[in-house]
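>>> Could you look at this predicted model? Sequence included:
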Amino acid sequence: MNTLLPTRRRLSLGLALAAALTGVGAYTASTASAATAPAPIPLTSPSCPANLQQGEADGCVTQLQAELNLTGATLTVDGQFGPATGTAVRTFQTAHHLTADGIVGAATKTALDAAAAAASGTVDLRTQCGTLRTGATGQCVSTLQTLLNTFNAGRLVVDGQFGQATDTAVRNFQAAHGLTIDGIVGTGVKTALYSSTPTPLPSGPINSTKVLNAAKSYLGLPYVWGGGHSLRGEGPGPSLGTCDGYTGSIQPCPADTTVGLDCSGLVRAAFWFGAGIDLANGGDTTEQTLDKHLTRITEAQRRPGDVEYFGTDAHNTSHVVLYAGTDPATGADMMYEAKETGTDVHYVTLRTGGYWYHVSA
């Protein structure tokens, strides 16, 4: 059964996974896992309102509360912008000579991001930190998280804990910068973090080339059941999967110990990093078909960057591929696909017969 949750209130999902097509993996969200707060979203992300204020409830508020705590507040981080959060915002605004109205607009976001980074103990990763990986803690990790957020590589709370969300953000950064995707922050990653120029996530009309290039960056990454779906609070991109409902032929289930993407996780990452759109906020293939950015088209109307879903009907699906267009070298229509456990994200001849959608901003 699919459960559709409102975008801003959606928590990380504990998934029961199923595949309706033999040999093809896609997850179906069924229940919300116990979580103390929605996954954090950087305050300057286009996913956050221009002005955060009382009544908001989402990952933007999770991030806000975490940053306020870094600067002296003692809030429960629950993603709910209530009176206590409003008071903490006004206290911060007063201390930083901003209009103390309790509304978190552009000026407050900028000041708070800077104050939180300073409070977390920013250091120079290149000269003051060794190799960083999952399990690391402290000021070096806080600085890493701050830098990754500036590149929109993740939706990280700057807490100095190198956990799954930070690992996912590192892998996203590596993929975007042509580095080995291993989640390890060594010399190459550090150099890129300091020498590259952060760019905002794309917005406005979708550029299919950017979407396809984002998908291309994940070629060779393992297919992972449930990978790329914020199961542990991370944002879009490669992540550990889940063994809940796993029915693959490879045993024991490798999903919860392998970092990668499943079919809808690949499409999610491609449109997030290529267009700034989070399809279904991490939902499964069926939920993606219900996303407001999708419009049904015929197979004859397909263009590079369109998506094709397979299932029993247009809104009951279990697999998705991203149409890459005609390969100039072979003349064949091609697609990007994360197919099943035991395979990698690949670029192969297009398979047709599914339900086609165009994605627009």
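Nice, thanks for sending it over. Residues are numbered from 1 along each chain as shown.
>>> where along the protein do the strands fall?
13-17, 27-32, 239-240, 259-260, 294-297, 307-313, 316-326, 333-337, 346-349, 355-359 (DSSP state E).
>>> which other residues reach the fifth one?
Think strand 294-297. 279, 288, 306, 307, 314, 355, 356, 357, 358, 359, 360 (C-beta atoms under 8 Å, 6 or more residues apart in numbering). C-beta: built from backbone N, CA, C; applies to glycine.
>>> For the closest residue to residue 342 other than its chain neighbours, give its distance to residue 257.
Nearest residue to residue 342, sequence neighbours excluded (C-beta to C-beta, 6 or more residues apart in numbering): residue 250, at 5.3 Å. Distance from residue 250 to residue 257, counting by C-beta to C-beta, to the nearest Å: 12 Å.
>>> For residue 352, list the residues it contacts.
299, 308.
>>> Return the residues in contact with the residue sitting nearest the centre point of the chain.
For the chain, the residue sitting closest to the mean C-alpha position, by C-alpha atoms, centre = their mean, is residue 236 at 1.6 Å. Residue 236 is in contact with 172, 228, 230, 265, 268, 269, 272, 273, 278, 282, counting by C-beta under 8 Å, 6+ apart.
>>> and if you look at residue 89?
Residue 89 touches 64, 68, 102, 103, 104, 108, counting by C-beta under 8 Å, 6+ apart.
>>> likewise residue 180?
174, 188.
>>> Go again with 7 Å.
Residues in contact with residue 180 (C-beta atoms under 7 Å, 6 or more residues apart in numbering) are residue 174.
>>> gap between it and residue 51?
In terms of C-beta to C-beta, residue 180 sits 40 Å off from residue 51.
>>> Please apply the same query to residue 40.
From residue 40 to residue 51 the distance is 18 Å (C-beta to C-beta).
>>> Have a look at those two and say which one is more surrounded.
The neighbour comparison of residue 40 against residue 51 (other C-beta atoms under 10 Å) goes to residue 40, with 30 against 13.
>>> thinking again about what came up before, out of the contacts of residue 89, which is nearest to residue 164?
residue 64 (21.7 Å; C-beta to C-beta).
>>> Pull the number of nearby residues for that closest one.
31.
>>> In this structure residue 169 contacts residue 151, no?
No. Using C-beta atoms under 7 Å as the test, residue 169 is too far from residue 151 to be in contact (8.5 Å).
>>> sorry, back to before: among the contacts of residue 89, which ones are in helices?
64, 68, 108 (DSSP state H).
>>> I'd guessed the first one sits against residue 52; true?
Yes. Counting by C-beta under 7 Å, residue 64 sits close enough to residue 52 to count as a contact (6.1 Å).
>>> picking up where we left off before, from the contacts of residue 236, which has minimum pLDDT?
The member of these with the lowest pLDDT is residue 230, at 81.
>>> Leaving out the residues flanking it, which one is nearest to it?
residue 282 is the one closest to residue 230 (C-beta to C-beta, 6+ apart), at 4.4 Å.
>>> What distance do you get for that neighbour to residue 148?
On the measure of C-beta to C-beta, residue 282 and residue 148 end up 19 Å apart.
>>> Specify the residue ranges that define each domain of this structure.
As assigned by automatic domain parsing, the chain contains the domains 7-31+225-359, 47-199.
>>> List just the one of those that sits closest to residue 217.
domain 47-199 (4.2 Å).
>>> pLDDT below threshold where in this protein?
1-36, 117-122 (pLDDT under 70).
>>> The same query, at a cut-off of 50, please.
1-35 (pLDDT under 50).
>>> surely residue 360 meets residue 204?
No. With contact defined as C-beta under 7 Å, residue 360 does not count as touching residue 204 (10.6 Å).
>>> For the residue nearest to residue 192 when sequence neighbours are not counted, grab the count of nearby residues.
Distances taken as C-beta to C-beta, 6+ apart place residue 177 nearest to residue 192, at 4.7 Å, with adjacent residues excluded. The local packing of residue 177 (other C-beta under 10 Å) involves 17 other residues.
>>> ok, now the one 5 residues further on?
Neighbour count of residue 182, defined by other C-beta under 10 Å: 14.
>>> Please report how far it lies from residue 240.
Distance from residue 182 to residue 240, by C-beta to C-beta: 14 Å.
>>> just residue 196 next, same as before
26 Å.
>>> Compare the two and say which one has the larger neighbour count.
residue 240 (20 against 14).
>>> How much space separates the more buried one from residue 44?
Taken as C-beta to C-beta, the span from residue 240 to residue 44 is 27 Å.
>>> now swap in residue 146 and tell me
Taken as C-beta to C-beta, the span from residue 146 to residue 44 is 12 Å.
>>> Look up the closest residue to residue 305, ignoring the ones flanking it.
In space, and not counting its chain neighbours, residue 305 is closest to residue 208: 2.9 Å by C-beta to C-beta, 6+ apart.
>>> In this structure, what residue spans correspond to helices?
59-70, 83-95, 106-119, 125-128, 139-150, 164-176, 187-195, 208-216, 263-275, 285-289.
>>> What are the contacting residues of the first one?
Right, helix 59-70. 37-43, 48, 52, 75, 77, 79-81, 85, 88-89, 92, 104, 112-113, 116, 119-120, 155, 157-159.
>>> Tell me the buried residues within these.
Buried by 16 or more other C-beta atoms under 10 Å: 37-43, 48, 52, 75, 77, 79-81, 85, 88-89, 92, 104, 112-113, 116, 120, 155, 157-159, out of the contacts of helix 59-70.
>>> so residue 226 makes contact with residue 243?
No. In this structure residue 226 lies outside contact range of residue 243 using C-beta under 7 Å: 8.4 Å.
>>> shared neighbours, the two?
Common neighbours of residue 226 and residue 243 (C-beta under 7 Å, 6+ apart) are residue 255.
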